[in-house]
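K.L.:
Here you go, sequence then predicted model.
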Amino acid sequence: MPDKTLNRFRKVAIWEGTSFLVLLLVAMPIKYGLGNPWPVKVAGWAHGILFVAYVLFLFQAITEYSWSFKKSLLGFIASLLPFGPFIFDRKLERESTAANLVDATLKE
């Protein structure tokens, strides 16, 4: 059975990372290159909401899975870096795959 908390966190992480890239690579160049501030307002607003959701779901995952301080800190730092959420998601995916392989081996 898929883990709802981890899946929810990972989905929000991808959306948050995407919104950050849109803000940096699309909206800001339009604002400073073309003088149109609206894309930054819209993308910034969306990114702000997704960032708050990311942090809330991160704390939920930390609590539910008893993540170490190091892993928790990496999860938070990932939210501050442009490609961080994608890299952290890959780490979680690898850990999940490894845990599933161990579970499958133990059941045999």
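P.N.:
Received the coordinates, thanks. Numbers count the residues shown, from 1 in each chain.
K.L.:
does the residue nearest the centre of the chain sit in a helix, a strand or a coil?
P.N.:
Nearest to the geometric centre of the chain sits Ala13, at 2.0 Å (Cα atoms, centre = their mean). Three-state assignment for Ala13 (DSSP: H, G, I helix; E, B strand; the rest coil): helix.
K.L.:
May I have the residues that are in contact with it?
P.N.:
Ala13 sits next to Tyr54, Phe57, Ala78, Ser79, Pro85, Phe86, Phe88, Asp89 when contact means Cβ atoms under 8 Å, 6 or more residues apart in numbering. Every residue, glycine included, has its C-beta placed from N, CA and C.
K.L.:
Narrow those residues to just the buried residues.
P.N.:
Tyr54, Phe57, Ala78, Ser79, Pro85, Phe88, Asp89 (16 or more other Cβ atoms under 10 Å).
K.L.:
Which residue is the nearest non-sequential neighbour of the residue nearest to the centre of the chain?
P.N.:
Excluding its sequence neighbours, the residue lying closest to Ala13 (Cβ to Cβ, 6 or more residues apart in numbering) is Pro85, at 4.2 Å.
K.L.:
so where's the protein uncertain?
P.N.:
The model of the chain has pLDDT under 70 over residues 1-2, 99-108.
K.L.:
Tell me which entries of the buried ones among the contacts of Ala13 lie within helices.
P.N.:
Mapping the buried ones among the contacts of Ala13 onto helices (DSSP state H) picks out Tyr54, Phe57, Ala78, Pro85, Phe88, Asp89.
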